[in-house]
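Colleague: Any chance you can model this:
(chains A and B)
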Amino acid sequence: MTIKEAILAQMQLVAERQKKTLAPLTDDLKLLESGLDSLCLAILVAALDDTLDIDPFSAGTSKFPVTLGEFVQLYESHAG
Amino acid sequence: MRDERMRNVLVTGGSKGLGLGIAIKLASQGFRVMVLARRDTEALAAARVSATPGEVHFRPFDLADTDAIAGIVKSLHTEFGPFYGLVNNAGLGTGGLLSAMPNHEIERLIRLNVTAPMTVTKYVVRSMMAGGAKDGGRIVNISSVVAATGYSGLSVYSATKSSLVGFTKALGRELGPLGITVNSVAPGFIATDMTHGLTEPQRIAIDRRSALKRMAEVSDIAAAVGYLFSEDGRNITATVMTVDAGGTA
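Modeller: Alright, predicted model coming up:
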């Protein structure tokens, strides 16, 4: 599974658990318009830390990405 | 073989005094309790053997090493699974008049009593989130009555304990949608190593001032934490439970 696939799968899982409706997951989708609120995004970051062992935000990234494409890129840039 | 149904709870500073009392109480309620403390004690070793129906485990750790907190919490998550609860109990009780207190003591108190519990909470909450927080969760921050009343010679300590109350109230709102409750328990003066420095006249004055004419005991505070962790405590969040035998009445 690629990092992008893992992120998309986790987004679906978080949305399902938190009873949110996800917008179509395109690269230019703004995260705040994805259907996930800030708490869901925090859950997503925690879940990705658990499954991918990647946490760009504890590694010093201070700015949260705006779009889904930027979010994926950030995780790809911190991978192994 | 690890019992997957047993809920994991982290208790900081649980090798003696109040923390140990809380660890034993939660184990008696069926939780798997992980104790982080600098040193093991005979009493904690005995609790590990006798804990039932829950379990007590120990990992040596210095909470002043805040950069290492992420690693220890993650390793416990990997070994035991997601956390259900956390009791931020570890703390320093250094006293002294502010004007005479060395600056590094002020820093040390804030690091251990404020930065450390907030950082531990961050990573335990992440573990709860990663586990789906299906059954919600419980966080208890051990504050103190001096957070509200003040006490001469404990200004920095009192400030650190007040900060945990603000932390509790805000985090209770933040995590409420996940069914995670966050509360503070504020003990009055109780007989532990931390209050060992009280003089006999101070002790008598504390007893005389309280509504019940005595001090609360470790078991009273542990029972309050146990209640907040029980199913009965599920609708109590973002508040402070004072256990002081009426000392602040």
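Colleague: Other residues contacting the longest helix anywhere in chain B?
Modeller: Across chain B, the longest stretch assigned as helix under DSSP state H is helix B:155-175. Applying CB atoms under 8 Å, 6 or more residues apart in numbering or on different chains, the contact partners of helix B:155-175 are A:39, B:88, B:91-95, B:98, B:101, B:105-106, B:109-110, B:113-114, B:117-118, B:121, B:125, B:137, B:139, B:141-144, B:146-148, B:150-151, B:181-184, B:186, B:237-240. In this view, the C-beta of every residue, glycine as well, is placed from N, C-alpha and C.
Colleague: list the contacts for residue 30?
Modeller: With no chain named, the answer covers chain A. So A:Lys30 contacts A:66-68 (CB under 8 Å, 6+ apart).
Colleague: Wait, chain B was what I had in mind.
Modeller: With CB under 8 Å, 6+ apart, B:Gly30 has these contacts: B:6-7, B:53-54.
Colleague: And for B:Arg48?
Modeller: B:Arg48 neighbours (CB under 8 Å, 6+ apart): B:55-58.
Colleague: what's the neighbour count on A:Ser38?
Modeller: 11 (other CB atoms under 10 Å in any protein chain shown).
Colleague: how far away is it from chain B?
Modeller: 9 Å (CB to the nearest CB, to the nearest Å).
Colleague: so what's residue 52 scoring on pLDDT?
Modeller: By default, I'm working from chain A. pLDDT for A:Leu52: 94.
Colleague: Let me rephrase: I mean chain B.
Modeller: Model confidence at B:Thr52, given as pLDDT, is 92.
Colleague: Can you pull the phi/psi pair for it?
Modeller: In terms of degrees, to the nearest 10, the main-chain angles of B:Thr52 are phi -160, psi 140.
Colleague: Run through the residues of chain A sitting next to chain B.
Modeller: A:17-18, A:39, A:42-43, A:45-47, A:49-51, A:58 (CB under 8 Å from any CB of the partner chain).
Colleague: rerun at 7 Å
Modeller: A:17, A:39, A:42-43, A:46-47, A:49-50, A:58 (CB under 7 Å from any CB of the partner chain).
Colleague: Filter the contacts of A:Lys30 down to the ones in helices?
Modeller: A:Leu68.
Colleague: Of the contacts of A:Lys30, just the buried ones, PyMOL syntax please.
Modeller: Listed next is the PyMOL selection for buried residues among the contacts of A:Lys30, using 16 or more other CB atoms under 10 Å in any protein chain shown:
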select buried, chain A and resi 67+68
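Colleague: and of the contacts of A:Lys30, the nearest to B:Leu212?
Modeller: Proximity of the contacts of A:Lys30 to B:Leu212, judged by CB to CB, is greatest for A:Val66, which lies at 57.9 Å.
Colleague: how near is the closest one to chain B?
Modeller: 22 Å.
Colleague: where does the spatially closest residue to that residue that is not a sequence neighbour fall, phi/psi-wise?
Modeller: Once flanking residues are discounted, A:Val66 sits nearest to A:Lys30: 5.9 Å by CB to CB, 6 or more residues apart in numbering or on different chains. Dihedral pair for A:Lys30: phi -70, psi 130, per degrees, to the nearest 10.
Colleague: who's A:Lys30 bridged to?
Modeller: A:Thr67 (DSSP bridges).
Colleague: I'd like to know how far it sits from chain B.
Modeller: The gap separating A:Lys30 from chain B is 22 Å, by CB to the nearest CB.
Colleague: Quick check, pLDDT for that residue.
Modeller: 96.
Colleague: just to revisit the earlier point, export the residues of chain A next to chain B to CSV and tack on secondary structure and neighbour count?
Modeller: Shown next, in CSV, are those (DSSP: H, G, I helix; E, B strand; the rest coil; neighbours: other CB atoms under 10 Å in any protein chain shown):
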residue, secondary structure, neighbour count
A:Arg17, helix, 15
A:Leu39, helix, 16
A:Ala42, helix, 19
A:Ile43, helix, 25
A:Ala46, helix, 24
A:Ala47, helix, 23
A:Asp49, helix, 22
A:Asp50, helix, 19
A:Ser58, coil, 13
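Colleague: on that earlier part again, now which of the contacts of helix B:155-175 would you call buried?
Modeller: Buried residues within the contacts of helix B:155-175, counting neighbours by 16+ other CB under 10 Å: A:39, B:88, B:91-95, B:101, B:106, B:109-110, B:113-114, B:117-118, B:121, B:125, B:137, B:139, B:141-144, B:146-147, B:181-184, B:186, B:237-238, B:240.
Colleague: what sits against the residue lying closest to A:Leu29 once chain neighbours are set aside?
Modeller: Excluding the flanking residues, the one nearest A:Leu29 by CB to CB, 6+ apart is A:Leu68, at 4.6 Å. Contact analysis of A:Leu68 by CB atoms under 7 Å, 6 or more residues apart in numbering or on different chains lists A:25-27, A:29, A:31, A:34.
Colleague: Next, the most centrally placed residue in chain B: phi, psi?
Modeller: In chain B, the C-alpha closest to the average C-alpha coordinate belongs to B:Asn89, at a distance of 2.3 Å (CA atoms, centre = their mean). With angles defined as degrees, to the nearest 10, B:Asn89 sits at phi -110, psi -30.
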